[in-house]
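> One predicted model, sequence on top.
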Amino acid sequence: MNDVIIIGAGPAGLSAAITCAKNGLSSLVIDEYLKPGGRLLGQLYEEPSGFWWNGIKESESLYQEAIELDVQIQLNTSVHNIEKENNYWIIYTETGIIYSEQLLLATGAAESPIPVPGWTLPGVMSVGAAQVMTNVHRIKPGERGVIIGVNVLSAAIAMELQLAGVKVASLTLPKMNKVTQDAAQPGEVLDSLLHVSHMAPSKVIRFGSKLMNNDVMKKIGVSFYPKQGFKMWDIPIQLRKAVIEICGEEAVTGVKIATISANGEVVKGSEEHIDCDFICIAGGLYPLTELAAVAGCPFYLVEELGGYVPLHNEQMETPIENLYVAGNITGIEGAKVAIKQGVIAGLTISGNAGVSGLTQEIRRAIKLTEQTRDNAYIQFHPDVKKGRKAIQEKWKDCMSTAP
């Protein structure tokens, strides 16, 4: 039996396993994917310093360090249930039942779909699937595509597709309905894009974004936003266009788009056709929390963190004894933050397992995580720190009323 079982071999899970191993604990990491690294695998972008963040290399580095520390890593293994009995966790996997005193859930995030007429056609995929095909498997999703959904994730992946020689004909909005809501509102989308404007190669766009620092300027910006959009990385960012249908019979052949008003309403008679051979749908990310729910962990809806997140403190503990969380299950952020959270979780687990003298190290790890969050190149939500504060307040409330 291992001292700790970690579900999820992404950046948080691997860094936690490494930290536990360095403190003398035996760790088993389980993941359903065929490679370790999680969403880190698909990442590839250039930072302001000129350093290229290559997710495959970063994943390999974490994996090799874990292996050298005798961490057990079991891939291609799905977990379908967890229970706690007599202070031990029982983890049910497709290959058998395993036991551990301590359990860390580092299950990451999943993509939210946006329903669009024609989205069942071959050639339609999530934007994350296109990222994995391109950056991990080195397979082009197509020659010319359209991305439906303008957000931080789709903007970053559009840039990566361009780097791989894949033409992105348009980055545009979905048609407004009860499901798409804010994702179809030009004003809401523009506000979210202002937080990644530093990624734009154009100095004009970077400067212009700084001018829109109040609601009045944002409203003017949406009203006068060009119908054909602005280009970033030679990709038209079309906030005043929406896809109303994906076209094709046996496979994607194009999309029908229309001009929309500043409020997201379709302008009648403005429809036009764009030829393409693949479509990416980008509805954003949400925390994968099913296993935490099975374990009985309480949840709270925190929009700034991407949806419902399990209650946890800064040490990555949950209200359930010896159950921990780290990474995107706690809120949608970048891989660098997830790595730092994994370190915190590993230190906390080690301390609770009897390793002494870790209090100051845990405090330093928490502070370093905050600094990493502040300096993040890609921020998935502008108010993520507000979300973090909200969940910590919920934790305090929970602990103050605990018997």
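Thanks, I have the structure now.

> contacts, neighbours, all on C-alpha from now
OK.

> how near is residue 168 to residue 256?
Distance, residue 168 to residue 256, using CA to CA, to the nearest Å: 16 Å.

> Then residue 294?
As defined by CA to CA, residue 294 lies at a distance of 42 Å from residue 256.

> quick one, which of the two is more surrounded?
When residue 294 and residue 256 are compared for neighbours, residue 256 comes out ahead with 15 against 12, by other CA atoms under 10 Å.

> and that one, that one's in a strand?
Yes. Note on residue 256: a strand contains this position according to DSSP: H, G, I helix; E, B strand; the rest coil.

> Assign a three-state SS to residue 372, would you?
Classification of residue 372 using three-state DSSP returns helix.

> ok, it - contacts?
With contact taken as CA atoms under 8 Å, 6 or more residues apart in numbering, residue 372 is in contact with 336, 337, 340.

> and which of those residues is nearest residue 95?
Distances from residue 95 to these, taken as CA to CA, are shortest for residue 340 (30.5 Å).

> Could you verify that the closest one is part of a helix?
Yes. Judged by three-state DSSP, residue 340 forms part of a helix.

> Could you check how far it is from residue 169?
37 Å.

> Then residue 108?
Looking at residue 108 against residue 169, where the rule is CA to CA, the gap reads 30 Å.

> Which of the two has more residues huddled nearby?
Looking at residue 108 and residue 169 with other CA under 10 Å, you find the greater number of neighbours at residue 108, namely 29 against 18.

> hang on, the more buried one packs against residue 10?
Yes. Taking contact to mean CA atoms under 8 Å, the distance of 7.4 Å between residue 108 and residue 10 places them in contact.

> Name the residues contacting each of the two.
Residues touching both residue 108 and residue 10 comprise 38, 39, with contact defined as CA under 8 Å, 6+ apart.

> from the contacts of residue 372, which single one is nearest residue 103?
Checking those against residue 103 by CA to CA gives residue 340 as the nearest, at 17.9 Å.

> tally of neighbours for that closest one?
Other residues near residue 340 number 25, with proximity taken as other CA under 10 Å.

> Identify the residue spatially nearest to it, adjacent ones excluded.
Spatially, and ignoring its direct neighbours in sequence, residue 340 is nearest to residue 369 (5.4 Å; CA to CA, 6 or more residues apart in numbering).

> so which helix or strand takes in the one you found?
Assigned by DSSP states H and E, residue 369 belongs to helix 359-374.

> list the contacts for residue 314?
Residue 314 touches 366, 392, counting by CA under 8 Å, 6+ apart.

> re earlier: how far does the helix holding residue 369 sit from the chain's center?
Distance of helix 359-374 from the chain centroid (CA atoms, centre = their mean, to the nearest Å) equals 21 Å.

> Same question for stretch 126-143.
Distance, stretch centre to chain centre, for stretch 126-143: 16 Å (CA atoms, centre = their mean).

> partners of the helix or strand harbouring residue 5 in the sheet?
Using DSSP H and E, the secondary-structure element containing residue 5 is strand 2-7. Each strand pairing with strand 2-7, determined using DSSP bridges, is listed with its direction: strand 27-30 (parallel), strand 96-105 (parallel).

> is it true that the residue nearest to residue 340 touches residue 341?
Yes. With contact defined as CA under 8 Å, residue 369 counts as touching residue 341 (6.7 Å).

> So for these two, which residue has more residues nearby?
The residue with more neighbours, out of residue 369 and residue 341 and counting by other CA under 10 Å, is residue 341; that gives 31 against 22.

> Quickly note the distance from the more buried one to residue 129.
Counting by CA to CA, the separation of residue 341 from residue 129 is 25 Å.

> hmm, back to that, from the contacts of residue 372, pick the one nearest residue 68.
Compare each of these with residue 68 using CA to CA and the shortest gap goes to residue 340, at 19.9 Å.
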